[in-house]
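>>> Prediction below, plus the sequence it came from.
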Amino acid sequence: MHAIAITRMAAILFALSMAAACSHPKCQNEAFYGLPSPDGAFIAFVFHRTCESPAAVSTQVSLLPFHESLRNDPGNVLSVAGRQPVKVAWRGAHVLFVTGFENASYQRTQSIDSIRIEY
């Protein structure tokens, strides 16, 4: 009886996780620029993120370890509405400079790991 209860609980948790996954809008990333840090430890990706529901496009920046590829996740550095001419530049191995955006509704991060982010 205990095994049956565990099996039922697992089935319920699986169904709930599938329902939660379906309730989020499906999004897709399209990277158009990647810039490695001077020491080769990180890479800053600038990409457009398009979500189906509601139909929206944003320009985003993610900072990842160099050997990690851009996944289909939101940016961890910057997210601004629309297609904007966002640019990234390294000011040394531990400072990433992000420019080229304007929008009142955006999200930005000040640091990731040992990297300081300036805007």
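The structure has been received and is ready for your questions.
>>> Could I get the buried residue list for stretch 101-111?
Neighbour-count burial for stretch 101-111 flags Phe101, Tyr106, Thr109 (criterion: 16 or more other C-beta atoms under 10 Å). All C-beta atoms are positioned from the backbone trio N, CA, C, and that covers glycine.
>>> Between the two ends of it, how far is it?
18 Å (C-alpha to C-alpha, to the nearest Å).
>>> Out of the buried residues of stretch 101-111, the closest to Leu63 would be?
For the buried residues of stretch 101-111, the closest approach to Leu63 (C-beta to C-beta) belongs to Thr109, at 8.3 Å.
>>> Give me the pLDDT value at that closest one.
What the model reports as pLDDT for Thr109 is 92.
>>> Ok, Met1 next?
The score at Met1 is 47. That number is its pLDDT.
>>> go on, Ile6?
Reported pLDDT for Ile6: 41.
>>> Quick check: Asn76 vs Ala41, distance?
Asn76 is 16 Å from Ala41, where distance means C-beta to C-beta, to the nearest Å.
>>> and what of Arg91?
The separation that Arg91 has from Ala41, given C-beta to C-beta, amounts to 15 Å.
>>> Ok, Ser69 next?
To Ala41, Ser69 is 15 Å away according to C-beta to C-beta.
>>> now the strands: where do they sit in this structure?
27-36, 42-51, 56-65, 78-81, 87-90, 95-99, 106-108, 111-112, 115-118 (DSSP state E).
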